[in-house]
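**Student:** next one to model:
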Amino acid sequence: MDFLNKLGKKASEAYHATKEKASDISEEIKLKSKVNSLEEKVYELYAEIGEIVYQEVKAGKDVSKDEITIKCEEISRKKDEIAKLKAEILAVKKIKKCESCGVELDITAEFCSKCGKEQPKIEKVEIKENVEATTKEAEVIEVNNVEEDSSKDKEENND
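**Tutor:** Below is the predicted model of the structure:
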């Protein structure tokens, strides 16, 4: 009977791990889709700026900085949003980027496998949901004494 209980427990663990992985993949696909959509809008704005400049120059007028500035500010907002979405993708994939060379690393890596630079230690990655706007923000919390917190958590779980 003990064998069947262990088998059932292992099957349950495998199911939950698979379910979590599928959920992560689904979330990653949604985020990448949003990034692609925003990048398309940025390129459309670039094209609109080019059209405005072209028409103004063709008509022999000075280029209107007001209209261009509005489009540029919109591009900046979209690029900021893209950066946040890319940070969320990294959080979902449980990876980080080297601050020096930009290569993707496991979230627990202490040194970059490409350039060798020491990486900041990350305690945990949390994804906070904004209920009003249906967007998520990834927050990375850095700490120096990860081992201490882990041992405290283990002690609490044993109690």
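
**Student:** using the three-state scheme, assign residue 120.
**Tutor:** What DSSP: H, G, I helix; E, B strand; the rest coil gives for residue 120 is coil.

**Student:** that one: neighbouring residues, count only.
**Tutor:** Using other CB atoms under 10 Å, residue 120 is surrounded by 11 other residues. (Glycine included, C-beta is placed from N, CA and C.)

**Student:** repeat for residue 92
**Tutor:** For residue 92, the tally of surrounding residues (other CB under 10 Å) stands at 22.

**Student:** shouldn't it be in contact with residue 29?
**Tutor:** No - with contact defined as CB atoms under 8 Å, residue 92 does not reach residue 29; the gap is 9.9 Å.

**Student:** got the domain boundaries for the protein?
**Tutor:** Structural domains annotated on the chain: 1-93, 106-159, as defined by automatic domain parsing.

**Student:** helix/strand/coil for residue 113?
**Tutor:** Secondary structure state of residue 113, per three-state DSSP, is coil.

**Student:** now the strands for this protein?
**Tutor:** 95-97, 104-106, 122-130, 135-142 (DSSP state E).

**Student:** ok, of those strands, where does mean pLDDT dip lowest?
**Tutor:** When mean pLDDT is averaged over each of these, strand 135-142 scores lowest at a mean of 48.

**Student:** quick check: pLDDT value at residue 14.
**Tutor:** So residue 14 comes in at 88 (pLDDT).

**Student:** oops, could you answer that again for residue 18 instead?
**Tutor:** pLDDT, read off for residue 18, is 89.

**Student:** now it: how far from residue 99?
**Tutor:** Using CB to CB, to the nearest Å, one obtains 33 Å as the distance from residue 18 to residue 99.

**Student:** residue 45 now?
**Tutor:** From residue 45 over to residue 99 (counting by CB to CB), the distance is 29 Å.

**Student:** please apply the same query to residue 16.
**Tutor:** For residue 16, the distance to residue 99 - CB to CB - is 34 Å.
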